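Chemist: fold the stuff below for me.
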Amino acid sequence: MSRPVDPISPEERAEPVVVVPYDPGWPAAFERQRARIAPVLGELAVGVEHVGSTAVPGLDAKPILDIDVVIRHHDDFAAAAARLATLGYAHLGDLGIVGREAFRAPAELPRQHLYVCASGSAALQAHLILRDTLRADAALAAAYGTLKRSLAERFRDDRDSYAEGKTAFITSVLLDAREDRRRERRR
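Modeler: Got it, this is the predicted structure:
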């Protein structure tokens with residue numbers, strides 16, 4: 001059985017986990033990447049979304065853009081992957097998250113994690129719900145930033161533990177958002 005491909009390059013894995021104050025240049029950096037990606041994907045992409053902490057104004061984050069390329073249906077994935085390969089993106093598989101295919105960006109591009117998700121997939125919905133909830137609730141975003149800074153200090157040299165430390169917070173946000181949507185439908 002083959003080992004899963006690590007989405008983080010060996011160079012990046014060797015670096016300490018660093019959470020930095022929000023950079024107002026992150027949205028523009030994302031827009032430059034979208035402008036590079038979208039024309040190559042053409043009709044295959046129904047959207048290119050800025051997700052993750054760098055997409056939330058005021059939120060401290062690791063300085064790595066998270067980008068979701070949204071395709072209509074998973075059947076379009078092979079063609080989208082082939083087009084992304086022309087830009088130097090390397091497909092890494094789903095990395096254990098069904099409905100989200102990860103790609104490593106070429107080293108010369110701004111640091112990013114790029115994912116391809118089918119429209120309506122659970123993975124895409126989770127990314128969008130988390131982003132939109134944090135954008136709408138400054139106190140919740142501040143609490144998340146505090147948690148991330150604390151985890152980065154505690155797990156400076158352990159990326160996996162840093163990521164695991166965020167899981168309960170993220171799960172709570174997603175469950176609360178799901179419950180809020182259920183209440184809205186019952187009204």
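Chemist: hey, which helix is longest across this structure?
Modeler: helix 159-186 (DSSP state H).
Chemist: what's it packed up against?
Modeler: helix 122-136, helix 138-154 (3 or more Cβ pairs under 8 Å, 6 or more residues apart in numbering; DSSP states H and E). All C-beta atoms are positioned from the backbone trio N, CA, C, and that covers glycine.
Chemist: list the buried residues of the last one.
Modeler: When burial is assessed from 16 or more other Cβ atoms under 10 Å, helix 138-154 yields the following buried residues: 140-141, 144-145, 147-148, 151-152.
Chemist: contacts for that helix next, please.
Modeler: 17-19, 53, 56, 58-62, 133-135, 161-162, 165-166, 169, 173 (Cβ atoms under 8 Å, 6 or more residues apart in numbering).
Chemist: stretch 50-61 too?
Modeler: With Cβ under 8 Å, 6+ apart, stretch 50-61 has contacts from 19-24, 26-27, 30, 34, 49, 62-68, 113, 127-128, 130-131, 134-135, 138, 141-142, 144-145, 148-149.
Chemist: which of the residues you listed are buried?
Modeler: 19, 22, 26, 30, 34, 49, 62-68, 113, 127-128, 130-131, 134, 141, 144-145, 148.
Chemist: three-state assignment of the residue sitting nearest the centre point of the chain?
Modeler: In the chain, the residue lying closest to the centroid (Cα atoms, centre = their mean) is Asp66, at 3.6 Å. Classification of Asp66 using DSSP: H, G, I helix; E, B strand; the rest coil returns strand.
Chemist: repeat for the one 4 residues further on
Modeler: Using three-state DSSP, the structure places Val70 in strand.
Chemist: how close does it get to Ile97?
Modeler: 15 Å (Cβ to Cβ, to the nearest Å).
Chemist: between the two, who's got more neighbours?
Modeler: Using other Cβ atoms under 10 Å, the more surrounded residue of Val70 and Ile97 is Val70, with 22 against 15.
Chemist: now the more buried one: closest residue in space, sequence neighbours ignored.
Modeler: Once flanking residues are discounted, Val70 sits nearest to Gly47: 3.9 Å by Cβ to Cβ, 6 or more residues apart in numbering.
Chemist: does the one you found sit in a helix or strand, and which one?
Modeler: strand 45-51 (DSSP states H and E).
Chemist: and that strand with helix 122-136, angle?
Modeler: Angle of strand 45-51 versus helix 122-136, following axes from the mean of the first three to the mean of the last three Cα atoms, to 10 degrees, is 50 degrees.
Chemist: report the buried residues of strand 45-51.
Modeler: In strand 45-51, counting by 16+ other Cβ under 10 Å, buried: 45, 48-51.
Chemist: just stretch 155-163 next, same as before
Modeler: Neighbour-count burial for stretch 155-163, with 16+ other Cβ under 10 Å as criterion, is recorded at 155, 159, 162.
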